[in-house]
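# Using only what follows, build the 3D model:
(one chain, ligands or ions: 2)
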Amino acid sequence: MNERLAIVVPCYNEEEVLPQSIPVLCGLIKELAAKGKISGNSFVLFVNDGSHDRTWEILKEAHEKDPSVWAQKLSRNCGHQSALLSGLMTAREHADLSISIDADLQDDTAVIEQMIDQYHEGCEIVYGIRSGRKKDSFFKRVTAQGFYKLLARMGVKTVYNHADFRLMSQKALDELAQYQESNLYLRGLIPLLGLKTGEVHYERKERTAGTSKYPLGKMLGLALNGITSFSVKPIRMVFTMGILVMVICLAAAIYAFVSYLCGDVEPGWTSTILSIWFLGGIQLLSIGVIGEYIGKIYAEVKRRPLYHIEELLNDEKK
Ligand code: UDP
Ligand code: MG
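Ligands and ions are numbered 1, 2, ... in the order given. Next up is the predicted model:
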């Protein structure tokens, strides 16, 4: 039982929370090492995702004081999912198991020990599951839960009420590395690995300081990515909608023809204008949905790297 743990923490403009989060996470690593649950050379890997504030300076100072603080600097802001993946891939090279957590410590660090126990019992992945969202705003709670339900209806398998707080073994990270997707939605990918999983439950807390780095626009982007990267149902729905409209038009044509034969012809302005708008709307919507998928294919075929690591401060000479 001497495995090396890496706690992976993506950070974007987190100067307000890091002075609190760094000591908590480093203290936890030392406590777990003292209990013999992980090896003494375990570390916390902070990934600076192109922050504009003092995040990198804070991380550099912390690394100089304590070698268990590792800091990885991305060359620009690549987004939470890519920043997290970059950290996990570094952890894969240097550690036996990883735990990902947000910098604001809204997720409960107290359950990390249970996660490690489940890893020792043979789980390759352990999900942190929120038993409640009482501390989230009403808007965040309703939109997030609505989104998970929508994903399920679209046939995307995700773990309900789980975000990116999870333990992954080195084996799980090796398997994850095989996925070469540019449109990254980790919460949808991990269940596809099919490895033995466990769960721990916790109450989600409020952000300790600073503001959310996930404004509505980014949240909608992630949601759209989650659906269109994992499901072709929206395209099928467009197809079904097309058939439905055709049937309606056929019925309308029969009605118009019969009216014509009966000599009961309406001036027809309302029906003409309505059908133009209706069909035009459906066509634009359909093109939009198809365009979304073509855009995805465009991004995938280019095979661009998702991130560039500018610098890695660690305790190993590579
Ligand atoms: N984050 C990031 N890059 C971004 C946006 C966010 O690395 O472009 C990080 C952020 O620093 C935090 C985590 O992603 O550690 C989750 O963000 P936040 O806590 O603001 O999201 P919320 O909890 O409000 O959904
Ligand atoms: Mg948060």
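# make it CA atoms for all contacts and neighbour counts henceforth
OK.
# Show me the contact partners of the host helix or strand of residue 8.
Under the assignment given by DSSP states H and E, the secondary-structure element containing residue 8 is strand 5-11. Applying Cα atoms under 8 Å, 6 or more residues apart in numbering, the set of residues contacting strand 5-11 from outside is 38-39, 42-49, 51, 55, 80, 83-84, 87-88, 91, 95-103.
# Name the strands paired with that strand and say parallel or antiparallel.
Strands that pair with strand 5-11, judged by DSSP bridges, come out as strand 43-48 (parallel), strand 97-100 (parallel).
# anything in the first one near ligand 1?
No. Residues of strand 43-48 contacting ligand 1 under Cα under 6 Å from any ligand atom: none, with a closest distance of 7.0 Å.
# tally of neighbours for residue 95?
As a burial measure, the neighbour count of residue 95 was computed by other Cα atoms under 10 Å and equals 20.
# what separates it from residue 59, distance-wise?
Separation of residue 95 from residue 59 (Cα to Cα, to the nearest Å) stands at 20 Å.
# Check residue 261 too.
For residue 261, the distance to residue 59 under the criterion Cα to Cα works out to 81 Å.
# out of the two, which sits in the busier spot?
More neighbours surround residue 59 than the other of residue 261 and residue 59, with 25 against 10 (other Cα under 10 Å).
# How about that one: what's its closest non-neighbour residue?
Spatial nearest neighbour of residue 59, chain neighbours left out: residue 71 (6.2 Å); criterion: Cα to Cα, 6 or more residues apart in numbering.
# Surely the one you found touches residue 60?
Yes. Taking Cα atoms under 8 Å as the definition, residue 71 is a contact partner of residue 60 at 7.0 Å.
# shared neighbours, those two?
With Cα under 8 Å, 6+ apart, residue 71 and residue 60 have common neighbours residue 313.
# Settle it for me: which of those two has more neighbours?
Between residue 71 and residue 60, counting by other Cα under 10 Å, residue 71 is the more crowded of the two (24 against 16).
# Using the three-state scheme, assign that one.
Residue 71 carries the three-state label strand when classified by DSSP: H, G, I helix; E, B strand; the rest coil.
# what's the longest helix seen in the chain packed up against?
Selection of the longest helix in the chain by residue count, based on DSSP state H, yields helix 269-302. The criterion is 3 or more Cα pairs under 8 Å, 6 or more residues apart in numbering; DSSP states H and E, and the helices and strands that helix 269-302 contacts are helix 216-230, helix 233-261.
# Relative to residue 249, how far out is the residue in the chain sticking out farthest from the centre?
The outermost residue of the chain, judged by C-alpha distance from the chain's mean C-alpha position using Cα atoms, centre = their mean, is residue 263 at 61.4 Å. Distance check for residue 263 against residue 249: by Cα to Cα, it reads 21 Å.
# So residue 206 sits against residue 106, correct?
Yes. Counting by Cα under 8 Å, a contact exists between residue 206 and residue 106, whose distance comes to 5.6 Å.
# Low-confidence stretches in the chain?
Within the chain, the stretches with pLDDT under 70 are 1, 264-266, 317-318.
# which bits of it sit near ligand 1?
For the chain, the residues in contact with ligand 1 (Cα under 6 Å from any ligand atom) are 10-12, 14, 49, 79-80, 83, 102-104, 212-214.
# From those residues, list just the buried residues.
Among these, those scoring as buried are 10, 11, 12, 14, 49, 79, 80, 83, 102, 103, 104 (criterion: 16 or more other Cα atoms under 10 Å).
# Show me what the first one bridges to in the sheet.
I take that to be residue 10. As for beta bridges, residue 10 partners with residue 47 under DSSP bridges.
# For the stretch 1-150 of the chain, just list every one of the helices.
If you assign secondary structure with DSSP state H, counting those that start in this stretch, the helices in the stretch 1-150 of the chain sit at 18-34, 55-65, 80-94, 112-120, 138-153.
# which one of those has the most crowded surroundings?
Most buried of these, by mean neighbour count (mean count of other Cα atoms under 10 Å): helix 80-94, with a mean of 22.
# Contacts for that one next, please.
6, 8-10, 45-49, 72, 74, 97-98, 100, 170, 173-174, 177, 184-186, 306-307, 309.
# Measure how that helix sits relative to strand 5-11, angle-wise.
Between helix 80-94 and strand 5-11, the angle formed by their directions is 150 degrees, by axes from the mean of the first three to the mean of the last three Cα atoms, to 10 degrees.
# Could you check the angle helix 80-94 makes with helix 216-230?
Here the directions of helix 80-94 and helix 216-230 differ by 60 degrees (the same axes, to 10 degrees).
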